[in-house]
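J.: This is the structure alone, sequence omitted:
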Ligand SMILES: Nc1ncnc2c1ncn2[C@@H]1O[C@H](COP(=O)(O)OP(=O)(O)OP(=O)(O)O)[C@@H](O)[C@H]1O
């Protein structure tokens, strides 16, 4: 890489006390006056204040935060398309960015001409582009449309072209603003594969996303921006966990949010039926499914379910046999989630997270059997969901969300929701 940061743990990007002020004028006239005289009435809006952090070679950082928290402004500052009002940025090596996708293209030029135009903006010479063009065109998969003006493209098509162009040559630092939110499933998968390969090769990646799942899977560290300031920065899981709690409380009815902030009180009666903070909207921990023509969940069989509505689990083990059809020859992954009947999560597991690939049954079918021995739950009503993923685990092909409720009666007396693994000393 350029810039002399060769060691694996070299700092490639350092933000020191970054601040960004946007000046808001009451009229275009006031703005013009400011430009000409340097003096005019304006209101000031600080989108970022005192943001400091550093990134090392090969790290992948996820930038999270509510709408308007300052994520895009931060990425633009780091990419150099916006200048900080305060603070400074130290960069090593070649930085490329995919920001406001496609916005850098000339609308009247064809897709192909925009490759040369856009390429020159990110330091790819005409000769090098001539060499890279077939690969970029193949990755973007736009076919005939490459000869049409970009203004005739859908936003998804512009994204494909922008991603293929910007990632044609591996940079030292890649900045991506919500690229994975656009485009179809097949293309998203190609993007994720390319990002993962870059990361393995030591590329540092900054990635802004509203998808906790992608952040969790791809990023080593997360930066939570709140009102333009760093709320938390550190290893992904604790930061994301804190942010998800913040989001849940924000979405919860006021009395629930208050209850969650208050010191815990003992709840009498059946814990599995007790209301709890965060029970607001039931949600899948995974991204929305992207249906595939062939891949699907064939069956989920829960052993030893007895009579009743909902049926009673007989025996102490919960054994789920999940049979799926994969996409072509690809080895799929499956997931399984247990929640209380009100949709409060208890556990969610997936084969790719645990290196437990499903077994092939032949003819494109796969099976996983998941056993929870001696189910450590309190008596109550529960609901389960099943998920089918692609080989990487990043794309959900199908979900059977909260498809089966069951009752469970614990044979032992046990207050509380679960019996956690524990030790007495
Ligand atoms: N050009 C601008 N002029 C004035 N204010 C701006 C400008 N760009 C952004 N802002 C303001 O700065 C704040 C941060 O905006 P920014 O787009 O960086 O947030 P964000 O976290 O990326 O939001 P989102 O998730 O909605 O994309 C917001 O209050 C926004 O209204």
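T.: Sure, I can see it. Note that this is a predicted model, so its numbers are computed, not measured. Numbers count the residues shown, from 1 in each chain.

J.: ok, and residue 250, which helix or strand is that part of?
T.: Using DSSP states H and E, residue 250 maps to helix 236-251.

J.: mean confidence score for that helix?
T.: Summarised as a single mean, pLDDT over helix 236-251 is 80.

J.: Quick one: list the elements packing against that helix.
T.: Counting contacts by 3 or more Cβ pairs under 8 Å, 6 or more residues apart in numbering; DSSP states H and E, helix 236-251 is packed against strand 60-64, helix 212-218, strand 221-226, strand 229-235, helix 254-261. To be clear about C-beta, it is placed using only N, CA and C from the backbone, and glycine gets the same treatment.

J.: With the ligand as the reference, measure out to residue 299.
T.: Residue 299 sits 40 Å away from the ligand, going by Cβ to the nearest ligand atom, to the nearest Å.

J.: so how far is residue 127 from that residue?
T.: Separation of residue 299 from residue 127 (Cβ to Cβ, to the nearest Å): 56 Å.

J.: okay, those two: which has more neighbours?
T.: The neighbour count for residue 299 versus residue 127, taken as other Cβ atoms under 10 Å, is higher for residue 299 (11 against 8).

J.: need the residues of the stretch 51-200 of the chain near the ligand, please.
T.: Taking Cβ under 6 Å from any ligand atom as the measure of proximity, the stretch 51-200 of the chain contacts the ligand at 65, 67, 68, 69, 70, 71, 72, 73.

J.: among those, which two are most distant?
T.: 67 and 73 (12.5 Å; Cβ to Cβ).

J.: more neighbours, those two?
T.: residue 73 (21 against 6).

J.: Not counting its own residues, what contacts the strand or helix carrying that one?
T.: Element membership of residue 73, judged by DSSP H and E, is helix 71-79. Helix 71-79 has contacts (Cβ atoms under 8 Å, 6 or more residues apart in numbering) with 13, 15, 18, 20, 47-48, 51, 63-65, 82-84, 89, 91, 95, 97, 99-100, 173, 175, 177, 206, 208, 225, 228.

J.: so where is this structure shaky, pLDDT-wise?
T.: Low-confidence segments of the chain, defined by pLDDT under 70, are located at 1-8, 40, 100-103, 179-183, 251-282, 343, 411-416, 422.

J.: mind giving me the domain ranges of it?
T.: Taking automatic domain parsing as the reference, the chain has its domains at 2-27+43-242, 289-408.

J.: thinking again about what came up before, any of the contacts of helix 71-79 buried? List them.
T.: Neighbour counting by 16 or more other Cβ atoms under 10 Å classes 13, 15, 18, 20, 47-48, 51, 63-65, 82, 84, 89, 91, 95, 97, 99, 173, 175, 177, 206, 208, 225, 228 among these as buried.

J.: can you give me the strands in the stretch 1-150 of the chain?
T.: For the stretch 1-150 of the chain, the strands defined by DSSP state E, counting those that start in this stretch cover 11-24, 43-56, 60-64, 86-91, 95-98.
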